[in-house]
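> only the shape, not the letters, is given here:
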């Protein structure tokens, strides 16, 4: 049972435009959500996170939106840059961040 | 700081062989986890630990053993390798309550033939 789902395996966006990556979850106990970025042959790196008490968190070009009623979150990248081309993983956890559940990932390609 | 160090980076095993994937962190993190990454499956949690002497199962624990005798080390043991365990394995660590989530190692690519 996939508790965190990323239904788009891939996404292509022109440089300078907005990239929107989506994520859905089924476990209502999740109260903290994270996005990770992964380049080939490297481990994932933390990008941005959001607590369930918020509906938006912004960090530079990256913004995460959370819609708790729909159990949906999204990552917006504006403007997109070629260096943003990577696989993006959505993740969720409860309480003390001990056990983190990841989605299947979305491969983003930013075209120059 | 070295962060999270995984060894080896690559390994080929024959079916039935056993081996241990090593993971060490030098950040004094309480939490450590092992994930495997497979195409179309994302990152799946194998085992995790919230401190020395404490481990628990994740989503896909079968065929794997872990122990946490020190804060720094969290080895993953494959008891009898199977082709289904061909994957990329990632170890990660986190400070308790740290909202930045896990710091990952660079991975071990394992092939079982």
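Noted; the coordinates are in hand. These numbers were taken from a predicted model, which means no experiment stands behind them.

> just the pLDDT for residue A:97.
Residue A:97 is assigned 65 on the pLDDT scale.

> whoops, I mixed them up, residue B:44
Value listed for residue B:44 in the pLDDT field: 94.

> and it, what does it touch?
A:102, B:35, B:36, B:37, B:38, B:58, B:59, B:60 (C-beta atoms under 8 Å, 6 or more residues apart in numbering or on different chains). C-beta: built from backbone N, CA, C; applies to glycine.

> one more: residue B:15?
Applying C-beta under 8 Å, 6+ apart to residue B:15 gives the contacts B:81, B:82, B:83, B:112, B:113.

> please repeat the previous calculation with a cut-off of 10 Å.
B:80, B:81, B:82, B:83, B:85, B:112, B:113 (C-beta atoms under 10 Å, 6 or more residues apart in numbering or on different chains).

> any idea how far residue B:39 is from it?
Distance, residue B:15 to residue B:39, by C-beta to C-beta, to the nearest Å: 21 Å.

> circling back to that earlier point, please identify which of the contacts of residue B:15 is nearest to chain A.
Taking C-beta to the nearest C-beta as the measure, chain A lies nearest residue B:85 of the contacts of residue B:15, at 18.6 Å.

> tell me, how many neighbours does that closest one end up with?
19 (other C-beta atoms under 10 Å in any protein chain shown).

> per-residue pLDDT of it, please?
pLDDT, read off for residue B:85, is 97.

> again, but for the one 5 residues further on
According to the predicted model, the pLDDT of residue B:90 comes to 98.

> quick check: it touching residue B:104?
Yes - taking contacts as C-beta atoms under 10 Å, residue B:90 lies within contact range of residue B:104: 5.2 Å.
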